[in-house]
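Enquirer: Turn this into a structure:
(2 chains)
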2 protein chains.
Amino acid sequence: MTDTDPDADAYFSSYGDLEVHKLMIQDSARTETYKNAILSSRSVFEGKTVLDVGAGTGILSIFCAQAGATKVFAVEASKTAEMARQLVAENHFSDTIEVVYSKVEDVTLPYPVDIIVSEWMGFYMLHESMLDSVIVARDKFLKPDGLMFPSHCTLYASPCALPDLYSEWDNVCGVKMRSFANALRNLYLNRPKIMSVQVENMLAHNVSPIVELNLKSCLPQQLDTITAQRYLTIVEKSGIYQGVCFWFDVQFPTSGTTLSTSPSSPITHWKQTIIVLPTQIEVEEGDAVMFNVQFSRNSPNSRHYSINLEMLDSEHEAHPNPCDCNQTKCKIIKTFLSVTKNISDDDDSSIDDQNEDVMS
Amino acid sequence: MTDTDPDADAYFSSYGDLEVHKLMIQDSARTETYKNAILSSRSVFEGKTVLDVGAGTGILSIFCAQAGATKVFAVEASKTAEMARQLVAENHFSDTIEVVYSKVEDVTLPYPVDIIVSEWMGFYMLHESMLDSVIVARDKFLKPDGLMFPSHCTLYASPCALPDLYSEWDNVCGVKMRSFANALRNLYLNRPKIMSVQVENMLAHNVSPIVELNLKSCLPQQLDTITAQRYLTIVEKSGIYQGVCFWFDVQFPTSGTTLSTSPSSPITHWKQTIIVLPTQIEVEEGDAVMFNVQFSRNSPNSRHYSINLEMLDSEHEAHPNPCDCNQTKCKIIKTFLSVTKNISDDDDSSIDDQNEDVMS
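Expert: The predicted structure is shown next:
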């Protein structure tokens, strides 16, 4: 599942599009979470210098100035920078916020900054890879004890049902349209689909992260390939497994605020990203669903990723230990481990050693 | 306000897009109204022959077969015809419905038909002009006493407020963004905007049609230019006049069913079409708002229209007689006419003659 390579110019000119900024600003879950994260941390921003990477219309820079920052560098590589300048003036922050029309990679700043803010996330978090620019900015300009807003990000996946592509076409106003649904699914097999997944169609919510990044310390090469091998999810309710739903969240420091794009959170313009399965599988509560998934850049300069999803047969794959799934083997091991743990608690020996014994 | 010319091939290939058909089929106001109009007219369809112009996935043809039609020609010029064939088979109507992969202009049918069904409407009704093909089909294939489904269509316009482009930008999470709203409006000044207008932002609902067409008798050249001169609307509540909202409805024969795309009807994929004004004007209940509007084809072969809207100053334009607006002149004339009407009712003379006297 591969997107085509855009060139960098096209990327920046598409972001010059006012309509895109309209969509992002009017995404109130996004804009208000950033506002709350920044304005509830006044003590952190008061008197500080800030760098806003990919500032767009400059709305985050204005939040930072409102929170008491004394200097904000709003770096924007598209012509939206001119709009940012107008909005900064309209809000009487021209003395505090300096709009810099440049790629952040080409910028020089007079001094290091205390805080970097950025809204760099794309679909499925990684799409468009603006995070690379944020990392460049961090390594060039952030003080060693500086803060990242947001500070952490996490990507998740869960099996889901997709009635919109399956059962809803069994009867459309009294007409059977399964052939149409088949054709739709074939269309989607070659590309990720951005859509809102209804909570009731999620087969699990309590899932492990595919990747967690600490934005203060992550390395750019970590973004080249993100892989989860034998990623296991335990189905929380019976249903039909028809796709894999990806979403992400980002966490802000000091306030503990989170911006989540999960199906159970308020809808955002990122919605969720779906990989549609070529087949559907009935699953029951407690079943393990397993796959390998890899996000890899198309090429070193690309802002897009290929997503490779390989379905695994959870009956024939090794599970982690302990595993909460309903397979007899896992239940036995889990029971054995809990008994062993009680013994080990008593005799104070290492649980990890015990586990290794059980597994070997 | 001009759209660019597409060539006919691009038009038919874009309509081959499954996503567009998904959108249309899942537009339940559209699909269910057609279904109800057809299935509530069983006595009309029973034993009859039908031509479905621009059949798409063939769902309307299937409704006609369900309503008892003995033969349906489903003519579709895009590759969606192949999908229509599959869906017809899936619904066991292959003996009744004949899918014809062709432009209707190139088709020959073995005999005339009793009924033509078509869902030919584009944005602001006229966009894409599939109605031309329906008229060609009518003149070639419909029996003299045949029926059109739908049978009539009407285009409307009303002044409206556009907070989404004006006041909502005065304070976005505590940030003033009027410069951004200005830029957005400049963007929209050169093209019609397809959006959903909230009912509360309409300044009038009870408006005159810009054009009404009887699909049984209208002529193709009527579609080249559609003009309303000194189109007058009486504002029904005070507000700010920031745009003109266009919508349409189509009526079905025999059942009296209407498919309306007005802001007060359930939302459809057509939404409404807005022309954004370069200025905003405060208006009060009873004020007359006037403009000239002209929809004209870009060229004889084009499927797109230019929309020219010319604002008029209702203070200095002649109003129709009688006129319900709050201008003193109109109130006096209206009162005078109603008195004259009472006299004329008594003495049985012609009201029209009386009116002409008053006006002369």
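Enquirer: which SSE is A:Thr254 in?
Expert: According to DSSP states H and E, A:Thr254 maps onto no helix or strand at all.
Enquirer: Could you give the number of residues near it?
Expert: 16 (other Cβ atoms under 10 Å in any protein chain shown). (Each C-beta comes from the backbone N, C-alpha and C, glycine too.)
Enquirer: List, one by one, the residues from the stretch 101-250 of chain A near chain B.
Expert: Counting by Cβ under 8 Å from any Cβ of the partner chain, the residues of the stretch 101-250 of chain A close to chain B are A:172-180, A:183-184, A:187.
Enquirer: Could you rerun that using 10 Å?
Expert: A:164-165, A:168-169, A:172-184, A:186-188 (Cβ under 10 Å from any Cβ of the partner chain).
Enquirer: Only the buried subset of those residues, as a PyMOL command please.
Expert: The PyMOL selection below is limited to those of these classed as buried (16 or more other Cβ atoms under 10 Å in any protein chain shown):
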select buried, chain A and resi 164+165+169+172+173+175+176+177+179+180+181+183+184+187+188
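Enquirer: what sits against the nearest residue to A:Ile226 once chain neighbours are set aside?
Expert: In this structure, A:Ile226 finds its nearest non-sequential neighbour in A:Phe295, 4.4 Å apart by Cβ to Cβ, 6 or more residues apart in numbering or on different chains. Shown in contact with A:Phe295 (Cβ atoms under 10 Å, 6 or more residues apart in numbering or on different chains): A:1, A:124-127, A:155, A:210-211, A:223-228, A:246, A:305-309.
Enquirer: out of these, which are inside strands?
Expert: Mapping these onto strands (DSSP state E) picks out A:155, A:210-211, A:225-228, A:246, A:305-309.
Enquirer: Now restrict the contacts of A:Phe295 to buried residues only.
Expert: Buried among the contacts of A:Phe295 by 16+ other Cβ under 10 Å: A:124-127, A:155, A:210-211, A:223, A:226, A:228, A:246, A:305, A:307, A:309.
Enquirer: returning to that earlier point: which strand residues bridge the residue nearest to A:Ile226?
Expert: On the basis of DSSP bridges, A:Phe295 is bridged to A:Ile226, A:Ile307.
Enquirer: ok, for the residue most central in space within chain A, nearest residue in space, not its chain neighbours?
Expert: In chain A, the centroid-proximal residue (Cα atoms, centre = their mean) is A:Phe248; its distance is 2.9 Å. By the measure of Cβ to Cβ, 6+ apart, the closest residue to A:Phe248 outside its immediate chain neighbours is A:Met125, 3.7 Å from it.
Enquirer: For that neighbour, give me its contacts.
Expert: Per Cβ under 10 Å, 6+ apart, neighbours of A:Met125: A:131, A:153-156, A:210-211, A:213, A:226, A:246-250, A:261, A:270, A:273, A:295.
Enquirer: Bridging across strands, which residues link to it?
Expert: A:Gly122.
Enquirer: so how far is A:Ile115 from it?
Expert: Using Cβ to Cβ, to the nearest Å, A:Met125 is found at 21 Å from A:Ile115.
Enquirer: now the helices: where do they sit in the stretch 51-200 of chain A?
Expert: Using DSSP state H, counting those that start in this stretch, the helices found in the stretch 51-200 of chain A span residues A:59-66, A:80-90, A:131-141, A:178-188.
Enquirer: now those helices in a markdown table, with distance to A:Val53?
Expert: Shown next, in a markdown table, are these (distance: least, Cβ to Cβ, whole Å):
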| stretch | distance to A:Val53 |
| --- | --- |
| helix A:59-66 | 10 |
| helix A:80-90 | 13 |
| helix A:131-141 | 5 |
| helix A:178-188 | 33 |
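Enquirer: which of these sits most buried?
Expert: Burial of the helices of the stretch 51-200 of chain A is given as mean neighbour count (mean count of other Cβ atoms under 10 Å in any protein chain shown); helix A:59-66 ranks first at a mean of 27.
Enquirer: That helix close to chain B?
Expert: Yes. Interface with chain B: helix A:59-66 contributes A:59-63, A:66 (Cβ under 10 Å from any Cβ).
Enquirer: Dump the residues you listed into TSV; add pLDDT as well.
Expert: Formatted as TSV, these follow (pLDDT from 0 to 100):
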residue	pLDDT
A:Ile59	98
A:Leu60	98
A:Ser61	98
A:Ile62	98
A:Phe63	98
A:Gln66	98
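Enquirer: would you turn those residues into JSON lines with distance to A:Tyr101?
Expert: Below are these laid out as JSON lines (distance: Cβ to Cβ, whole Å):
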{"residue": "A:Ile59", "distance to A:Tyr101": "17"}
{"residue": "A:Leu60", "distance to A:Tyr101": "17"}
{"residue": "A:Ser61", "distance to A:Tyr101": "14"}
{"residue": "A:Ile62", "distance to A:Tyr101": "17"}
{"residue": "A:Phe63", "distance to A:Tyr101": "20"}
{"residue": "A:Gln66", "distance to A:Tyr101": "23"}
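Enquirer: pLDDT weak spots in the stretch 1-150 of chain A?
Expert: For the stretch 1-150 of chain A, the stretches with pLDDT under 70 are A:1-16.
Enquirer: What residues does the residue in it that chain B sits nearest to make contact with?
Expert: Across the stretch 1-150 of chain A, the shortest distance to chain B (Cβ to the nearest Cβ) belongs to A:Gln86, at 3.9 Å. Shown in contact with A:Gln86 (Cβ under 10 Å, 6+ apart): A:57-58, A:99, B:177-180, B:182-183.
Enquirer: Kindly present those as TSV, with separate columns for distance to A:Ile240.
Expert: Below are the contacts of A:Gln86 laid out as TSV (distance: Cβ to Cβ, whole Å):
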residue	distance to A:Ile240
A:Thr57	43
A:Gly58	46
A:Val99	51
B:Met177	45
B:Arg178	50
B:Ser179	50
B:Phe180	44
B:Asn182	50
B:Ala183	47
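Enquirer: between these, which is closest to A:Ser265?
Expert: A:Thr57 (23.9 Å; Cβ to Cβ).
Enquirer: Tell me how many other residues crowd the closest one.
Expert: 27.
Enquirer: Could you check how far A:Ser260 is from A:Ala228?
Expert: 19 Å.
Enquirer: burial count for A:Thr31?
Expert: 21.
Enquirer: Am I right that it is in contact with A:Leu60?
Expert: Yes. Between A:Thr31 and A:Leu60 a contact is recorded at 8.8 Å, counting by Cβ atoms under 10 Å.
Enquirer: which residues do those two both contact?
Expert: The contact sets of A:Thr31 and A:Leu60 overlap at A:119, B:175 (Cβ under 10 Å, 6+ apart).
Enquirer: Nice, that's everything, thank you.
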